[in-house]
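J.: got a predicted structure here, sequence first:
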Amino acid sequence: QVQLVESGGGLVQPGGSLRLSCTASGGTISSYTVGWFRQTPANEREFVATITWKNSITYYEIPVKGRFTISRDAAKNTVYLQMDRLKPEDTAVYYCAADVSRRLGIFDSRNDYGAWGEGTLVTVSS
């Protein structure tokens, strides 16, 4: 079973940038559709972005579209989430997840993903 580890979270001022990493072990990350989700104490885990295993198609939640970029480095077995122009409302624990069934399609529900990392905290504050 693939295991995922997130890193790169931290404290950043509004308008700043962070790059999150999701590194896989026990599997080849380019074989899976990978999604990023985020969660705050008051809210359910919500979809942020995804990149498909076939053709690397990307899809974003509307509030982050144009500010966040998801990408994959097969050689490093890692998926990234570049986050620019960060806002206080982006503050959350960010999780990466993989759809290990290798289905075709774009998936924005947490129920579509079977493997999850432990999360990394992003705090946007002055």
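T.: Yes, it's here. Numbering: from 1, shown residues only.
J.: so the residue most central in space within the chain: helix, strand or coil?
T.: Central residue of the chain (CA atoms, centre = their mean): residue 36, 2.3 Å from the mean position. Three-state call for residue 36 (DSSP: H, G, I helix; E, B strand; the rest coil): strand.
J.: quick one: contacts for it?
T.: Counting by CB atoms under 8 Å, 6 or more residues apart in numbering, residue 36 touches 20, 22, 48-50, 70, 79, 81, 94-97. (Each C-beta comes from the backbone N, C-alpha and C, glycine too.)
J.: what's the neighbour count on the residue lying closest to it once chain neighbours are set aside?
T.: Nearest residue to residue 36, sequence neighbours excluded (CB to CB, 6 or more residues apart in numbering): residue 48, at 4.3 Å. Close neighbours of residue 48, defined as other CB atoms under 10 Å, add up to 24.
J.: same thing with residue 97?
T.: 24.
J.: the residue nearest to residue 36 contacts residue 35, correct?
T.: Yes: using CB atoms under 8 Å, residue 48 is in contact with residue 35, at 7.5 Å.
J.: re the thing from before, how much space separates the residue nearest to the centre of the chain from residue 107?
T.: 12 Å (CB to CB, to the nearest Å).
J.: now for these two: what residues contact both?
T.: residue 50.
J.: okay, how far is it across stretch 117-126, tip to tip?
T.: End-to-end distance for stretch 117-126, by CA to CA, to the nearest Å: 28 Å.
J.: do stretch 113-124 as well
T.: Terminal residues of stretch 113-124 are spaced 27 Å apart (CA to CA).
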